[in-house]
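Asks: Build me a model:
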Amino acid sequence: MKHKLLFSLIGAIVIFAWQFLSYAMPNFHKSATAYTPAQDSILNMLEKQGLSEGMYYLGQPDPSLSKAEQQSSMEAYEGKPWAVINYHKESSMDMTMPMIRGIMVCFVLSFLLFWLFLQQKSPTLMNRVLLSLAVGMIGFLFTPYTNFIWYKEPDIFAHFADAIVPWLILGFIGHKMAQMQAKHARG
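Replies: You can find the predicted model right below:
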């Protein structure tokens, strides 16, 4: 159990550090948070609308319309501008709880990956690296890439790097840790 917890801690640090690099410095995801000088007027207009907090897809028909009316509206939106807005009424710079939750998620991810390593019938370095990459790619394909298909999120290549780099590192570290656990269990 000691090796599982140690790998989980090391893995959490690796993933968390990569996320910091990816989102803060050098910020590979900056294309998804571009600045516009029109932000103050857009935010003021949204606030005046009395919008509830939530995520909105603008450029779609009213769901209360009949199917025929929705189809007609969809045709009217074809070729026109559209947007996705994630609206919050209040900005908060408190990062304590998001960081605590983030490191805890990284710990759980690492624990689950190590558990997968221990289930392998052929625990070679290559198999563990490929398993780790598979986990990263499953995560990438399930959410960021699927969202990109529909919503054209501009930071898709940053998400792709997020699915490869830390998971390669964890594959190498996890192999060594699993070998140490197996050696400890035998002797």
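Asks: how about the helices in this protein?
Replies: Here the chain has its helices, by DSSP state H, at 2-23, 39-48, 67-77, 96-119, 125-140, 146-151, 156-186.
Asks: Buried residues in the fifth one, which are they?
Replies: Across helix 125-140, burial judged by 16 or more other C-beta atoms under 10 Å covers 128-129, 131-133, 135-136, 139-140. To be clear about C-beta, it is placed using only N, CA and C from the backbone, and glycine gets the same treatment.
Asks: Which one of those residues is nearest to residue 17?
Replies: Of all the buried residues of helix 125-140, residue 136 has the smallest distance to residue 17: 15.3 Å, by C-beta to C-beta.
Asks: Roughly how far does the residue lying closest to the closest one once chain neighbours are set aside sit from residue 102?
Replies: Excluding the flanking residues, the one nearest residue 136 by C-beta to C-beta, 6 or more residues apart in numbering is residue 167, at 3.3 Å. For residue 167, the distance to residue 102 equals 17 Å [C-beta to C-beta, to the nearest Å].
Asks: neighbour count winner among these two?
Replies: Neighbours per residue (other C-beta atoms under 10 Å) separate residue 167 from residue 102, with residue 167 holding more: 26 against 16.
Asks: hang on, that one packs against residue 131?
Replies: No - look at residue 167 against residue 131 with C-beta atoms under 8 Å: they stay out of range, at 9.3 Å.
Asks: who's in contact with the spatially most central residue of the chain?
Replies: Compute the mean C-alpha point of the chain, and by C-alpha atoms, centre = their mean the closest residue is residue 144, 6.6 Å away. Neighbour list for residue 144: 153, 156, 159-160, 162-163 [criterion: C-beta atoms under 8 Å, 6 or more residues apart in numbering].
Asks: what's the answer for residue 41, then?
Replies: No residues are in contact with residue 41 under the rule C-beta under 8 Å, 6+ apart.
Asks: show me what contacts residue 65?
Replies: Taking C-beta under 8 Å, 6+ apart as the criterion, residue 65 is in contact with residue 73.
Asks: ok, it to residue 56 distance?
Replies: According to C-beta to C-beta, residue 65 and residue 56 sit 17 Å apart.
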